[in-house]
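Q: What follows is a predicted protein model with its sequence.
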Amino acid sequence: MPEWLEVIVRTLFAVVVLFLLTKLLGKRQVSQLSFFEYITGITIGSLAAYISLDTDKTWHLGLIALMVWVAVSLGIEFLKIKSKKARDFIDFKAQVLIKDGKILEDNMKKERLSVDELLEELRKKDVFKVADVEFAIMESDGAINVLLNRENQPLTPNHLGVKVAPEKETKAVIMDGKVMDEPLDALSLTRGWLQGKLEKLGLNPENVFLGQVDSYGELTVDLYADKVQPPKLQEKPQLYATLKKCEADLEMFSLSTQNKAAKQMYEDCSKDMVAMLDTLKPYLQN
């Protein structure tokens, strides 16, 4: 076999082996690398290159070394899952850097972190004042997480004692011009419902690059034609206008009747309608 062809075959073989082994190691090897996992990734890549380019008869030793590295990495991962002491020994322990608005200089020295680097990380979290920080900790992967003190935290419905409905995941129902049945089923919707929404917008699925439905059943679309703005559905404003008309009709009925009981009933219904409109206005006028 020519040497150039042998290199191609070895490279393809190394790619397949590397793909299978990285699938075995899992997503964490990519998304949450510890220091050891970082070294493991570099070593595995180097061994794969050795398998591809070493054209002598010992190339299979590179494959054995690759298997050993992966086996050791998997063993360490399982050990860390089972034992807290193993996790603390193998990975770097989390370190508190700021507590009650005070920088802990000794912990900064342990992490070899300068004040400039700390302030830079705080600015990435939109924090520009150390005194505003209740708690800042450097995680085992080097990321710094920050908790602001209570008076500087963003206001949420929970702070106001307001109960809100849980937000469901927004699902893609059209992708690359094709309707996706599984997300529609998960939302308890049908193709007929989707087609009706698209007809109101004057669109076909083939025109849509991405279509999403949120937890309120609202359809938003992104078209292939980037310069064309898709029309917006007017169902909410129309519903608000209909409810306003009902409220006006109730007031008119109250003024036109001479029956005291009926007049009181219409007035009460009108007041209830006004209260309901005040509640729904933020949701129906956008």
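A: Noted; the coordinates are in hand.
Q: Could I get the contacting residues of residue 269?
A: residue 250 (Cβ atoms under 8 Å, 6 or more residues apart in numbering). Every residue, glycine included, has its C-beta placed from N, CA and C.
Q: What's the separation between it and residue 248?
A: Distance of residue 269 to residue 248, computed by Cβ to Cβ, to the nearest Å: 12 Å.
Q: go on, residue 281?
A: 16 Å.
Q: what's the answer for residue 127, then?
A: Distance of residue 127 to residue 248, given as Cβ to Cβ: 51 Å.
Q: got it, and residue 126?
A: 47 Å.
Q: which of those two has more neighbours?
A: Taking other Cβ atoms under 10 Å, residue 126 and residue 248 do not tie; residue 248 has more neighbours (12 against 8).
Q: Buried residues of the helix or strand containing the more buried one, list them for me.
A: For residue 248, the host element (DSSP states H and E) is helix 235-256. Judged by neighbour count (16 or more other Cβ atoms under 10 Å), helix 235-256 contains these buried residues: 236, 240, 243, 247, 250, 251, 253, 254.
Q: Next one, pLDDT for the fifth one please.
A: Yep, that's residue 250 we're talking about. In this model, residue 250 is scored at 84, pLDDT.
Q: do the same with residue 147
A: In this model, residue 147 is scored at 93, pLDDT.
Q: Give me the secondary structure label for the closest residue to it other than its chain neighbours.
A: Nearest residue to residue 147, sequence neighbours excluded (Cβ to Cβ, 6 or more residues apart in numbering): residue 135, at 4.3 Å. Assigned with DSSP: H, G, I helix; E, B strand; the rest coil, residue 135 falls in the strand class.
Q: ok, residue 135 - contacts?
A: Shown in contact with residue 135 (Cβ under 8 Å, 6+ apart): 96, 98, 99, 100, 146, 147.
Q: again, 7 Å this time
A: Contacts for residue 135 (Cβ atoms under 7 Å, 6 or more residues apart in numbering) come out as 98, 99, 147.
Q: In stretch 259-273, which residues are buried?
A: For stretch 259-273, burial by neighbour count (16+ other Cβ under 10 Å) applies to 266, 269, 270, 273.
Q: Any idea how far that stretch is from the middle of the chain?
A: Offset of stretch 259-273 from its chain centre (Cα atoms, centre = their mean, to the nearest Å): 49 Å.
Q: can you give me the mean pLDDT across it?
A: In this model, stretch 259-273 carries a mean pLDDT of 87.
Q: again, but for stretch 78-93
A: pLDDT averaged over stretch 78-93 gives 78.
Q: State the distance spanning the first to the last residue of that stretch.
A: Distance between the two ends of stretch 78-93: 18 Å, counting by Cα to Cα, to the nearest Å.
Q: swap in stretch 127-141?
A: 21 Å.
Q: Tell me if residue 126 really is in a strand.
A: No: judged by three-state DSSP, residue 126 forms no part of a strand; its state is coil.
Q: Can you tell me which residue is spatially central in the protein?
A: Geometric centre of the chain, nearest residue: residue 169, 9.8 Å, by Cα atoms, centre = their mean.
Q: quick one, phi psi at it?
A: The phi/psi pair for residue 169 (degrees, to the nearest 10) reads phi -70, psi 130.
Q: For the nearest residue to it once chain neighbours are set aside, the count of nearby residues, please.
A: In space, and not counting its chain neighbours, residue 169 is closest to residue 215: 7.5 Å by Cβ to Cβ, 6+ apart. Residue 215 has 13 neighbours, counted by other Cβ under 10 Å.
Q: swap in the one 4 residues further on?
A: Other residues within reach of residue 219 by the criterion other Cβ under 10 Å amount to 21.
Q: repeat for residue 144
A: Taking other Cβ under 10 Å as the criterion, the count of residues near residue 144 is 20.
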